[in-house]
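Q: From the sequence below, what's the structure:
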Amino acid sequence: MMTTIKPELLDELLVGVSSPEELTGEAGLFKQLKKALMERALGAELTHHLGYEKGDAAGRGSGNSRNGHSSKTVLTEDGQIDLAVPRDRAGTFEPQLVPKGVTRLDGFDGKIISLYARGLTVREIQGHLKELYGTEVSPDLISRVTDAVLEEVKEWQSRPLDTCYPIVFFDALRVKIRDEGLVKNKAVYVALALDADGHKHVLGLWIEQTEGRSSGSR
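A: Below you'll find the predicted structure:
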């Protein structure tokens, strides 16, 4: 169940805020609030892991205790956030909100894929993310994310299909596609089918022919 934020709390947070930049800017309230909430949640995770609150006498002799924090930088839809991640002395704490080894939160990869789908090159995506979030994203990271998407596309293309579909619809939509270094508006033809149980399936996608060539999937 989603918790409703009290208006009084919002009023208190907005005291002194007089411009959009103070809300959404690089050092704005939204980013500060996200950092504070994430760090509070990480602290709650550690409390749950240890089984006692910070400063609680129940922790004495428990065999494990809090052991300061480590610094970690994560990439989010709001840009780069520097977190203080709590540690335990036994080294058994495994955060769930920001797992060990994870440096990008859900949503950031989606931004890269969205820009890639619009036909931007790796260098253009890098510059766009830098301009939007003030974050320097390496070309290698962008390539890894887009390559992973291409692997999923290949799996989708090779999936097995039913031998018969009672109903098949054909339609088209126009999208921007990079072709020979240029971004062009092209039609993508879609075959949508209903199986015997009434479930929808996309049978294939075919890109509009250009100069005697065509490309498609499935």
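Q: tell me the domain boundaries of the chain?
A: Domain assignment for the chain by automatic domain parsing gives 1-54+64-91, 106-159, 167-217.
Q: want to try CSV for these, with distance to residue 98, mean neighbour count and mean pLDDT as columns?
A: Yep, even glycine has a C-beta here, placed from its N, CA and C like the rest. Formatted as CSV, those follow (distance: least, CB to CB, whole Å; neighbours: other CB atoms under 10 Å; pLDDT from 0 to 100):
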stretch, distance to residue 98, mean neighbour count, mean pLDDT
domain 1-54+64-91, 6, 13, 82
domain 106-159, 11, 15, 75
domain 167-217, 34, 13, 78
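Q: Residue 99 is nearest to which of the ones you listed?
A: When these are compared by CB to CB, domain 1-54+64-91 sits nearest residue 99, at 10.5 Å.
Q: Name the residue most distant from the centre of the chain?
A: The outermost residue of the chain relative to its centre, with distances by CA atoms, centre = their mean, is residue 61 at 40.9 Å.
Q: could you pull out the helices for this structure?
A: Using DSSP state H, the helices of the chain run over residues 7-13, 20-24, 29-50, 108-117, 122-133, 139-157.
Q: So which residues make contact with the fourth one?
A: Residues lying outside helix 108-117 but in contact with it, judged by CB atoms under 8 Å, 6 or more residues apart in numbering, are 75, 76, 77, 124, 125, 128, 129, 137, 142, 145, 146, 149.
Q: Equivalent analysis for stretch 89-104, please.
A: 38, 41-42, 45-46, 49, 63-67, 72-76, 83, 85-87, 105.
Q: With only the CA atoms kept, save stretch 78-95 in PDB.
A: The C-alpha trace of stretch 78-95 is given here as PDB (Å, rounded to 0.1, in the frame of the first residue of the first chain):
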ATOM      1  CA  ASP A  78      18.300  11.900 -11.800                       C
ATOM      2  CA  GLY A  79      22.000  11.600 -12.600                       C
ATOM      3  CA  GLN A  80      24.900  10.600 -10.300                       C
ATOM      4  CA  ILE A  81      24.300  10.100  -6.600                       C
ATOM      5  CA  ASP A  82      27.000   9.600  -4.000                       C
ATOM      6  CA  LEU A  83      25.700   7.300  -1.300                       C
ATOM      7  CA  ALA A  84      27.100   6.400   2.200                       C
ATOM      8  CA  VAL A  85      26.300   2.600   2.400                       C
ATOM      9  CA  PRO A  86      26.300   1.200   5.900                       C
ATOM     10  CA  ARG A  87      28.600  -1.800   6.700                       C
ATOM     11  CA  ASP A  88      28.500  -4.500   9.300                       C
ATOM     12  CA  ARG A  89      31.700  -5.800  11.100                       C
ATOM     13  CA  ALA A  90      31.200  -9.400  10.000                       C
ATOM     14  CA  GLY A  91      30.800  -8.400   6.300                       C
ATOM     15  CA  THR A  92      27.600 -10.400   5.900                       C
ATOM     16  CA  PHE A  93      25.300  -7.500   5.000                       C
ATOM     17  CA  GLU A  94      24.000  -7.700   1.400                       C
ATOM     18  CA  PRO A  95      22.000  -4.500   0.500                       C
END
